[in-house]
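> I would like the atomic coordinates for the input below:
(chains A and B)
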Amino acid sequence: MSAAPQEVPGSALFQGYDPGSYYDEMFSSRGEPRPYYVKMFQKLAALAPSHFEERRQLADLAFLMQGITFTVYSDGRGTERLFPFDLIPRILPRSQWERIERGLAQRVVALNLFLQDVYGKQRILKDRQMPRELIYSCQHFRREMIGIEVPRGIHTHISGIDLVRDSKSGEMVVLEDNVRTPSGVSYVLENRLVMTRTFPDAFQACEVLPVNHYPAELCRILRSLSPRATDQPQMVLLSPGIYNSAYFEHSFLAQQMGIELVEGRDLIVDANVVYMKTIRGLKRVDVMYRRIDDEYLDPLTFRSDSLLGVPGLMGAYRAGNIALVNAIGNGIADDKAVYSYVPTFIRYYLGEDAILRNVETYLGDRDLGYILDHLPELVVKAVGESGGYGMLIGPAADRATIEQFGTRIQANPRNYIAQPVVPLSRVPSYHAGTRRIIGCHVDLRPYCLYDGEKVTIVPGGLTRVALTPGSLVVNSSQGGGSKDTWVLHGEC
Amino acid sequence: MPEMLSRIADSLFWMARYIERAEDTARILDVNYHMMLEQSDHEYRLRWDPLIVMAGEEKPFQQLYTEANAYTVFDFLAFRADNPSSIVQCIAKARENARTIRERISREMWEDINGLYHMVNRFDAADEIAAGPHRFCDAVKFACHRFHGVTDATLPHDEGWQFLRIGWSLERAEATTRLVDVQYQNLLEKPSVPATADNHQWMAVLRSVGAYEAYHRQYHSPIKPEKVAEMLILHPQHPRSIRFTATEVQAGLRAISGAGSGTYANEAERLTGRVLEGLRYQTIEEIFSRGLHTYLGDLLQSFRSIGHDIARTYFYYAVVA
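Alright, predicted model coming up:
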């Protein structure tokens, strides 16, 4: 093999790497790593591709052996697949993170006040700061929640706020809010564990802020919510069971917090009190971290065909005999049309300007004409969907798809919003097919915990990466993977 | 100490039973195959159909194959997805149970059983059938032993551990009961079998429960069917004898309920106590004079009832409020 000229000695992995026209999280320009990436870049550049490949396989094996997999049943015998994990971390310097942290805390507090208000006095509607129809037409609005005072006034105990970096401005902006049952935090913790085993030397060189206090912090909040005055409240995590794609996370968090993992069939409600069925009879339950959507939670109140929930749970909640995390009815804050009003909430409830900007958003019922005229350049999303479903990416769609989508929007404008395509920033990522590093688009989902007084955020969060070259869709259901996210103790 | 969920106790119990079932099947397949290799006389070759009878799966077997031989029986008992008791299926179910309680078992246990599942699925059925069952069965047997070891060494010996102990002891009690019963009937059907062939058959039985060497230490005599039966039914210390396994079931049940010796807290304990009384104070001669087949049939029925009573006492909630 003839020696090819290389920009960095030995950096065969990065040979020919082109940051392109996007904001590159690692390089400020071709071959020039940002100050906070220099150490990690040097570690990577010193690795022969075969050694990198070896570490990658070790990491995959670690995930397989721990059963951090999801099952594909299409072949009839149930094949286990890994969620792809990319070994090159996404790094943020302390100063960038602190601004993000302030912005997220502000947003979470405002979202909580909004939910309190909408299910309470509805001041924001009476003051005409947002249209009443927008709330009442939300698919996830829960009339049953009106007037319920939730324990300690907290609705948004756990929020997953999706951020992206706009390549044009280099600024972190909020793409969407997830305050129902955001998932993925177990990957933050497991990715970190695997990374410390795979690249122990890099952790010695870079001072990375730890993330593993998340379960303890969440557990502290759960304990504080007990409606019974007891030192040992019975706390449970309600899961739909092993066939749910997030089951690993349910089990992981229950184990880490030392609380009981239960399914609907383990619970029973009698006289508005929730009990679990133990080998020594029924035991009262005080706090429930539920990982089942509102509509499946109680077949007596919501969907009557749900086998996952607990009949009578809503009654116990209303009677104040059980705390639910997160509260019921939070879906209105996830609605992508309501999202466009979050800066308004921040001003209205806190008297502050939003630290983290929203992406410019056109509402289907307000800006229908503009949306229909500009479909080929817009991203259109159904307001109540998540996981990358119900989306149109205008620039990537053919004419027929665009026309079809246009018809759907016209039929139900309230159900859609449109945004300009955000050119997401990229992080160098390993492409197994070519054994090369290529730039892949990423987002960032930090997990925010709110105890009613302060917001705690484990440094970083889940960096999701679109591993299909050129793709902008980072969702795991659409071929996305994840990376470890490092917030450095300092600036480099 | 928080009370254990009934569903978790149920899953622990069944996880243990499935692991034990996989091991028992692997043992008997392996031994039968080896004894057959050493038996040159066609007429007295070991038969394969008793293995299917022992597994209690005659019907599905007959639907799939025309003849019970080394290949069809191995295929059926080790790999077939349509045999609910095949080794691969048992391990899949054990792991499925482990998955539903992985926050309750040790990380090492989960990783071990998950590794076991991936291991058996990596075997190619056609290759193994061509190579003979030893490699596969040996791997399964030792992997099951390792799981026992990991469990003992990493899981607190609390109530959960007692449910595991009851699960695999009860399964093993049933397996040994069926083994003795089927082998005895099989032999009695062929009264003209010469002594050497007879001997081989009983050697196979002893080896399949790992009791061959212990037999010789105990009896210092050639292998006699009555002695083998005595050892497998009444031996107080051999870990696969019926008496020993039933004692384990009793110890597990009492650890959970807190019932003292000579008393019982539930139907499962009462039945176990009654079974053990017979196993402790009867001689093998008395058992033979009553009829071995009847005796073992009653035992098997008792073990099944004990299983149901455990479920009724600890796992099921019949009343819905």
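
> Could you use CA atoms for every contact and neighbour count after this?
Fine.

> and the residue in the stretch 201-350 of chain A positioned nearest to chain B, what are its bridge partners?
Distances between the stretch 201-350 of chain A and chain B by CA to the nearest CA are smallest at residue A:278, namely 4.0 Å. Beta-bridge pairing for residue A:278 (DSSP bridges): residue A:281, residue B:5.

> my read: it touches residue B:2, true?
No. With contact defined as CA atoms under 8 Å, residue A:278 and residue B:2 do not form a contacting pair (9.4 Å).

> Mind checking which of the two has more residues around it?
Neighbours per residue (other CA atoms under 10 Å in any protein chain shown) separate residue A:278 from residue B:2, with residue A:278 holding more: 22 against 10.

> Now do the same contact list for that one.
By CA atoms under 8 Å, 6 or more residues apart in numbering or on different chains, the contact list for residue A:278 reads B:3, B:4, B:5, B:6, B:7, B:314.

> now residue A:62
For residue A:62, the contact set (CA under 8 Å, 6+ apart) comprises residue A:194.

> What's the mean pLDDT across whichever strand or helix holds it?
According to DSSP states H and E, residue A:62 maps onto helix A:49-65. For helix A:49-65, the mean pLDDT works out to 89.

> Which positions in that helix come out as buried?
Using 16 or more other CA atoms under 10 Å in any protein chain shown as the test for burial, helix A:49-65 gives A:49, A:52, A:53, A:55, A:56, A:59, A:60, A:62, A:63, A:64, A:65.

> what's the closest non-adjacent residue to the fifth one?
If you skip the residues right next to it in sequence, residue A:56 has residue A:87 as its closest partner in space, 6.8 Å away by CA to CA, 6 or more residues apart in numbering or on different chains.

> related to what we said a few turns ago, report the buried members of the contacts of residue A:278.
Buried among the contacts of residue A:278 by 16+ other CA under 10 Å: B:4, B:5, B:6, B:7, B:314.

> Among these, which one sits closest to residue B:156?
When those are compared for distance to residue B:156 (CA to CA), residue B:4 comes out closest, at 13.5 Å.

> where does that closest one sit relative to residue B:108, distance-wise?
To residue B:108, residue B:4 is 21 Å away according to CA to CA, to the nearest Å.

> do the same with residue B:117
Distance from residue B:117 to residue B:108, by CA to CA: 14 Å.

> Kindly report the same for residue A:366.
Computed as CA to CA, the residue A:366 to residue B:108 distance reads 57 Å.

> Next: residue B:179.
Going from residue B:179 to residue B:108 by CA to CA gives 33 Å.

> Which residues of the stretch 101-250 of chain B lie near chain A?
When proximity is defined by CA under 8 Å from any CA of the partner chain, the stretch 101-250 of chain B lies next to chain A at B:101, B:102, B:103, B:104, B:110, B:111, B:114, B:115.

> Show residues contacting the strand or helix carrying residue B:51.
Secondary structure from DSSP H and E places residue B:51 in helix B:49-55. Applying CA under 8 Å, 6+ apart, the contact partners of helix B:49-55 are B:28-29, B:58, B:61, B:68-69, B:73, B:77, B:85, B:175, B:178-179, B:182-183, B:186.
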